[in-house]
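1. give me the fold of what follows.
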Amino acid sequence: MTEGEAHKVHIQYTFSANAFCEIVIWYAAIDKILKLCRRWEREVSLDQKNLNVMLSSPKE
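-> Below is the predicted model of the structure:
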């Protein structure tokens, strides 16, 4: 194998590994974003909770 061919093979392996890492990081970021969105949907704001308590309390 000549030096040029060895360099070409090295570049192919380097970039394929780099692409794999980028894909893994990309999907990890998407997973984190989706988890945060689901968490925010489940959270109840304290302002909204206090408003609901005040509206449901009996008027005197």
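2. which residue ranges of this structure form helices?
-> Secondary structure of the chain (DSSP state H): helices at 3-42, 46-56.
3. in terms of mean pLDDT, which of those ranks lowest?
-> Ranked by mean pLDDT, the helices of the chain bottom out at helix 46-56, with a mean of 68.
4. ok, back up a step: now the helices of the chain in CSV, with mean neighbour count?
-> (Glycine included, C-beta is placed from N, CA and C.) Listed next are the helices of the chain as CSV, based on neighbours: other C-beta atoms under 10 Å:
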stretch, mean neighbour count
helix 3-42, 10
helix 46-56, 9
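5. which residues touch residue 41?
-> Residues in contact with residue 41 (C-beta atoms under 8 Å, 6 or more residues apart in numbering): none are found.
6. wait, what's in contact with residue 28?
-> Applying C-beta under 8 Å, 6+ apart to residue 28 gives no contacts.
7. how much space between residue 7 and residue 17?
-> 16 Å (C-beta to C-beta, to the nearest Å).
8. cool, and residue 11?
-> To residue 17, residue 11 is 11 Å away according to C-beta to C-beta.
9. go on, residue 38?
-> Counting by C-beta to C-beta, the gap from residue 38 to residue 17 is 32 Å.
10. what does residue 43 give?
-> Residue 43 is 39 Å from residue 17, by C-beta to C-beta.
11. cool, and residue 1?
-> Going from residue 1 to residue 17 by C-beta to C-beta gives 20 Å.
12. likewise for residue 32?
-> Between residue 32 and residue 17 the computed distance is 23 Å (C-beta to C-beta).
13. got it, and residue 2?
-> Relative to residue 17, and taking C-beta to C-beta, residue 2 is found at 23 Å.
14. again with residue 24
-> Remark: distance between residue 24 and residue 17 (C-beta to C-beta) = 11 Å.
15. same check on residue 50?
-> For residue 50, the distance to residue 17 equals 53 Å [C-beta to C-beta].
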